[in-house]
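A.B. asks: next comes the sequence, and after it the predicted model I'd like to discuss.
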Amino acid sequence: MVPVEHYFVLALILFTIGVVGLVVRRHLIFVLMSIELMLNAVNLVFIAASRALGTLDGQIMVFFVITVAACEAAVGLAMVISLYRRYGTIATDFLRTLRG
């Protein structure tokens, strides 16, 4: 049996990769993928804690997080498509110049 600390370390690594991807990447698609990676790291923590405690509370929370992630992906991709159609780019550097 794998100790629960290993799951927490893996979740920390995944969350760190997501944060680095969020800060470093220049395209909105990669930013959305990084956010999804961070949400999946949180899901892993919920599942590991739920299994360690012997309750279903963490697994129930995962369903809510997955629902939020699906909504975020749908709205985010719609915004990306809209921005690309209007300006022809999805670079975050260009979008900073749109501030008024």
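C.D. replies: Right, received. Where do you want to start?
A.B. asks: going forward, measure contacts between C-alpha atoms and count neighbours the same way
C.D. replies: Will do.
A.B. asks: what residue ranges in this structure score low on pLDDT?
C.D. replies: Segments of the chain classed as low confidence (criterion: pLDDT under 70) are 98-100.
A.B. asks: identify the single longest helix in it, thanks.
C.D. replies: helix 57-87 (DSSP state H).
A.B. asks: which SSE is immediately downstream of it?
C.D. replies: Next helix or strand after helix 57-87 toward the C-terminus (DSSP states H and E): helix 92-96.
A.B. asks: quick one: contacts of that next one?
C.D. replies: 26-28 (Cα atoms under 8 Å, 6 or more residues apart in numbering).
A.B. asks: what packs against the strand or helix carrying residue 38?
C.D. replies: Using DSSP H and E, residue 38 falls within helix 28-53. Using 3 or more Cα pairs under 8 Å, 6 or more residues apart in numbering; DSSP states H and E, the elements in contact with helix 28-53 are helix 4-24, helix 57-87.
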